[in-house]
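# Build me a model from this:
(chains A and B)
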Amino acid sequence: MLTAEQILALSPDEASAKAAKGLLTPAKWPTLGRDEVSIWGECQGSGSKPYQVIIDTGGPTFKCSCPSRKFPCKHGLALYLLLAQKASAFSGTIPPPWVGEWLSARLDRAEKKVEKAARSEVKPADPEASAKREAKRLDRMLGGALDLERWMADLIRHGIADLPSKPPSFWREAAARLVDAQAGGLGLLVRELESCAASGEGWHERTLLQMGRAQLLIEAMQGLDALPEPLRHDVRSSAGWPLEKEEALSSGERVNDVWLVLGISHDENDRLWERRVWLRGRDSGRAALLLEFSHGGRRFDRVFLPGACFQSTLCFFPSASPLRALLAVDPVEEKSSISSNSLHTWDEAFAPLAEALSKQPFYQRLPLKLDHAVPVLRQNRWLVRDEEGREAPLRINDDDGWQLLALSGGRPLNLFGEWHGDYLRPLSAWCGNTVNPSWTEVIHAA
Amino acid sequence: MNPIASLANQALLGTDRRLPDWPALEGPIGLVLGRIPRDSTEKAVLQTAGVLATCRLAGTLPEKVGENPPPSPEETTPEDPRVDLLSAILADGPERLQAEAFRRVAAHGRHLPHRLLPKALDCGRRCTALRPSLLAVLGKTGEWLAEKNTAWAFAAHRVDSESDNIAVWEHGSLDQRLVYVTALRLHDPGKARDLLIEAMKSEGAKERCAFLEALSTGLSPADEDLLEATLNDKSKEARQMAGRLLSTIPGSRYSQRMTDIIAPLLKTEKKLLRGTVVSLDAPLSYDPAWKANLIEEAKPKGLGLGERAWWLFQIVRFVPLSWWETQTGMTPAECLRWAQKLDWKDALLQGWAEAQAVQRRVEWAEAFLDTPLPSNGPLSIFDLLETLPPPLREVHFLKLLVDHQATSFATSTLVDRFLKGLPFDGPSLTPATASKVVKLLKQRIHSGELRHDWPLRQSLVEFACLLPRESFDDFARGWDLSKEELQPFAEAVSRIGIVLDQRAQLDS
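Down below sits the predicted model:
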């Protein structure tokens, strides 16, 4: 069972959440029922036939017969909200046939998917042709990289003082050239330079350092053949050509564990949504990242909730310090909560990051957990303070900042977020030993 | 200077103008830097920056900045566990429901869940009427938090020291000074009066009027001298304000003078066969001495009254309404009926209406509600409603709703204005009135006659906050949503259901 707030967080956009709230009257629902695994209801829409809505609570997974392309749609959200608000209205206990049909059809599909995956694994590839294709693309990417190197060298030669006053087109064009060269990762670095240049006091240090990191990546691309195998993958994917999911699934390292969802971040860029689900394995202690993209809206196949645990096998993308992973098998919800190790100082919290960076220096963001984190507001800046009184900047919007401050009351809480090099972007916070986080970042469109 | 800062400063200028001073570092980092070829200066700068960036990233250690800001004091009350319910009410509930929620939390001796504090404080910032109930459930953390945000200053420093406050009076804006002096009137009316007497000497006309209005809080005979003095104020508005206030002080010298003027004009005669006949005449001529009592000789242009009626009107409006009852032996309702038959009825009714607007007498309000009011007069039916105590008020509200045709007000306006006049912490409607109002509203909505009353959709939801428990089911159910006429109200019906549900949950 989710709380109303968690349910609303699943909404693909504000409009859906608002529309769902308008459906919260039992009068609109001629049928309402639930059992251990599912919730169902029929919602009277504008047509004569009511929409059939089903929620598999395990995921949760939503299904609705309405034509909306939103996922979950307002009916699914409303059904779940109604249960959270008025459980007594759910009188049905035996699922009607259409519920059973969907649940079993879903099971079938999952099995077929496994079969299909098994079949596709045996599909023989033409190694020669693919090597040729790969060489051609890497060549193009390298061309883009050298172009970027000249562009940066030019800036260094003439001085970077006027970068903050450059028009957006200056950066957009530079990034677009890299996208044309199929090196979108380098393009992102250029956009990162743009935000460094606009970051206020100390911008010139941050900009220069970011240029330096781009330079290292360019050189790694030049000397790609000399690098050890896993690092080659890191360079390739940092430059903008990660392995296809199928390739990763067939070649990546598999780890079976109970995974705790530490936090989730959403980012929007030109209507492309990125979702990062940060995990940590109970037994392996491994950090993992499920990265997914969705165009247009926040529509992702699977729902994850911070604080929840699931049992599954993850398949890691090859890397010198593996982080990004895929679900190799469907996750199974795990009730047990995971007690975490306690990281009270920045020294302790940064140790895993230093370790990862020493093997894979191109990471732009890494997961960071601090278990003695005091949010502080100093001269209108949000900071977080460890047990030793060291303070690092937070990247947080004001509404979220106030809520975090209210929750802490100036006392330490457990904070998880992404370390972006200069600041921590907090994603979830726990006060005390609860499974559900007391706070999670509110999702904002760009 | 650290090597990164110095390299970045040089990068600002550009290597064309000046070659960089290469950082000299000991240890492994220095070794790596030493291996960077210098044949291309620009590339060497970028590479050096890259090495330093990576090392800095891997070796991040934030700095110690200052003292730990003091945490909030420990709470002395338990936290209310109903986070979801309260959160939904704060996010979407009408303000009246929010106030009810705060009162319920306080009734349990609890404070708000900490996570809801920013939202609750924002609600209080936007709606001053919410503040009293909100302040009671902020808890220690809420007060601690409010001090950190200027937008929430209303909730911080609640126990101000005397000196802070007087600084507000001396240096604050007019609004702040009014808030201060009005609050002071409640605790120490004499001291507030002394401050006002001082201020009246030096302030402009607008300020003087505002200060006089502040005096109406806790008005007593002790304020008479100040008001008497103000009858000579340079500003006409201030003089009028003083007259109005004096007319509400029982037995004030001013109201005595006014009754002395009106008394000879009222005649009671015993007549054969007709019993006692009461008659009223208007003054025959203007007495220049009246000027000091705010009675003007020349009537304003365009006024629908004659000269004598104008003088009568000006006297009547400052005569205590109770005087008429004692002199004529009639009830307010009888007075109004009597007035209808008089030659001077327009002047008298308008004078009484102005007097009632200031004196706010319950019996007169009721009487007026049963009488057609002079249009554009100083009294609206809503002012009259607000004069009544809640049980009487709802009876008249129901009456207005039943004959809404007579008032030409939209149903939503009636409901809204009725709601607006009721304080957030007032009682619910009585079950009897509530069930009648609910029945009436539902029947009219189902008939389709309110289909175009758009604001009603909002008003209904707020109205749900005023219902007693007994009417919850009645109002939440029985809406035939399949009817075409109800489509515009579908969302409102859904919200009504939610609000009533939330109110029921608050109770449990």
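# would you say residue B:428 is within a strand?
No: read with DSSP: H, G, I helix; E, B strand; the rest coil, residue B:428 is coil and lies in no strand.
# Tell me where the stretch 201-350 of chain B has helices.
Secondary structure of the stretch 201-350 of chain B (DSSP state H, counting those that start in this stretch): helices at B:205-215, B:224-230, B:236-248, B:253-262, B:307-316, B:321-328, B:332-340, B:345-359.
# between these, which gets nearest to chain A?
For those, the distance to chain A is smallest for helix B:205-215, at 34.4 Å, taking C-beta to the nearest C-beta. To be clear about C-beta, it is placed using only N, CA and C from the backbone, and glycine gets the same treatment.
# What helices and strands are in contact with the closest one?
Here helix B:205-215 touches helix B:174-187, helix B:189-202, helix B:224-230, helix B:236-248, going by 3 or more C-beta pairs under 8 Å, 6 or more residues apart in numbering or on different chains; DSSP states H and E.
# mind listing what's buried in that helix?
By neighbour count on 16 or more other C-beta atoms under 10 Å in any protein chain shown, the buried set for helix B:205-215 is B:207, B:208, B:209, B:210, B:211, B:212, B:214, B:215.
# go on, stretch A:150-166?
A:152, A:153, A:155, A:156, A:159, A:160, A:163, A:166.
# Out of these, which sit inside helices?
Judged by DSSP state H, the subset of those located in helices is A:152, A:153, A:155, A:156.
# gap between the last one and residue A:163?
Translated: residue A:156. Per C-beta to C-beta, to the nearest Å, residue A:156 is found 11 Å from residue A:163.
# Please apply the same query to the second one.
Here the distance between residue A:153 and residue A:163 works out to 14 Å (C-beta to C-beta).
# Kindly report the same for the third one.
In this view, residue A:155 and residue A:163 are 7 Å apart by C-beta to C-beta.
# do the same with residue A:406
Residue A:406 sits 38 Å away from residue A:163, going by C-beta to C-beta.
# Please tell me how far the spatially most central residue of chain B sits from chain A.
In chain B, the residue lying closest to the centroid (C-alpha atoms, centre = their mean) is residue B:129, at 5.4 Å. As for residue B:129, its distance to chain A is 23 Å (criterion: C-beta to the nearest C-beta, to the nearest Å).
# For burial, what's the neighbour tally of residue B:236?
Around residue B:236 there are 11 other residues, counting by other C-beta atoms under 10 Å in any protein chain shown.
# so who does it touch?
With C-beta atoms under 8 Å, 6 or more residues apart in numbering or on different chains as the criterion, no residue contacts residue B:236.
# So residue A:292 sits against residue A:300, correct?
Yes: taking contacts as C-beta atoms under 8 Å, residue A:292 lies within contact range of residue A:300: 5.5 Å.
# out of those two, which sits in the more crowded spot?
The residue with more neighbours, out of residue A:292 and residue A:300, is residue A:300; 19 against 15, by other C-beta under 10 Å.
# In chain A, what helix or strand scores lowest on average pLDDT?
Within chain A, no helix or strand scores below helix A:97-122, which has a mean of 73 by mean pLDDT, DSSP states H and E.
# Next up, phi/psi of the nearest residue to residue B:9 once chain neighbours are set aside, please.
Residue nearest to residue B:9 in three dimensions, not counting chain neighbours: residue A:204, with 7.3 Å by C-beta to C-beta, 6 or more residues apart in numbering or on different chains. For residue A:204, the backbone dihedrals (degrees, to the nearest 10) come out as phi -70, psi -30.
# Residue A:204 contacts residue B:6, doesn't it?
No: taking contacts as C-beta under 8 Å, residue A:204 lies outside contact range of residue B:6: 11.4 Å.
# So for the residue sitting nearest the centre point of chain A, what's the pLDDT?
With distances taken as C-alpha atoms, centre = their mean, residue A:276 lies nearest the centre of chain A, 0.9 Å away. pLDDT for residue A:276: 97.
# what's near enough to touch the residue in the stretch 201-350 of chain A positioned nearest to chain B?
Residue nearest to chain B within the stretch 201-350 of chain A: residue A:212 (2.8 Å; C-beta to the nearest C-beta). Counting by C-beta under 8 Å, 6+ apart, residue A:212 touches B:46, B:47, B:48, B:49, B:50, B:51, B:52, B:53, B:54.
# And residue A:50, by the same measure?
A:30, A:31, A:42, A:43, A:44.
# Can you tell me which residues in the stretch 1-150 of chain A are near chain B?
Contact residues, the stretch 1-150 of chain A versus chain B (C-beta under 8 Å from any C-beta of the partner chain): A:3-5, A:21-28, A:44, A:84-86, A:149.
# dump the residue contacts of residue A:103.
Residue A:103 touches A:37, A:38, A:54, A:56, A:95, counting by C-beta under 8 Å, 6+ apart.
# State which one residue of the stretch 1-150 of chain A is found closest to chain B.
residue A:25 (4.1 Å).
# Now the phi/psi pair for that residue, please.
Backbone torsions of residue A:25, given as degrees, to the nearest 10, read phi -120, psi 130.
# Surely it is in contact with residue B:494?
Yes: shown here, residue A:25 and residue B:494 form a contact pair, counting by C-beta under 8 Å, at 4.1 Å.
# picking up where we left off before, quick one: common contacting residues for residue A:292 and residue A:300?
Residues touching both residue A:292 and residue A:300 by C-beta under 8 Å, 6+ apart: residue A:275.
# Output the contacting helices and strands for the longest strand along chain A.
Secondary structure of chain A read by DSSP state E shows that its longest strand is strand A:253-269. Where contact means 3+ C-beta pairs under 8 Å, 6+ apart, strand A:253-269 is packed against strand A:272-281, strand A:309-316, strand A:366-378, strand A:413-419, strand A:424-430.
# pLDDT on the third one, on average?
It refers to strand A:366-378. Mean pLDDT, computed over strand A:366-378, is 95.
# Residue A:204 and residue B:6: who's more crowded?
When residue A:204 and residue B:6 are compared for neighbours, residue A:204 comes out ahead with 23 against 15, by other C-beta under 10 Å.
# For residue A:48, see how far away that one is.
Residue A:204 is 66 Å from residue A:48, by C-beta to C-beta.
# Ok, residue A:270 next?
Per C-beta to C-beta, residue A:270 is found 41 Å from residue A:48.
# what do you get for residue B:17?
Look at residue B:17 and residue A:48: by C-beta to C-beta, they are 78 Å apart.
# Who has more neighbours out of these two?
Set residue B:17 next to residue A:48 and count neighbours by other C-beta under 10 Å: residue B:17 wins out with 11 against 6.
# If we ignore the residues flanking it in sequence, what's nearest the more buried one?
Residue B:17's closest residue in space is residue A:159 (C-beta to C-beta, 6+ apart), at 6.9 Å.
# residues touching the one you found, list them.
Residues counted as contacts of residue A:159 (C-beta under 8 Å, 6+ apart) are B:11, B:12, B:13, B:14, B:16, B:17.
# One more pass at 7 Å, please.
When contacts are counted by C-beta atoms under 7 Å, 6 or more residues apart in numbering or on different chains, residue A:159 touches B:11, B:12, B:13, B:14, B:17.
# Against residue B:61, how distant is it?
31 Å.
# ditto for residue A:44
Separation of residue A:44 from residue B:61 (C-beta to C-beta): 60 Å.
# Comparing those two, which residue is more hemmed in?
Ranked by neighbour count (other C-beta under 10 Å), residue A:44 and residue B:61 place residue A:44 first, with 17 against 14.
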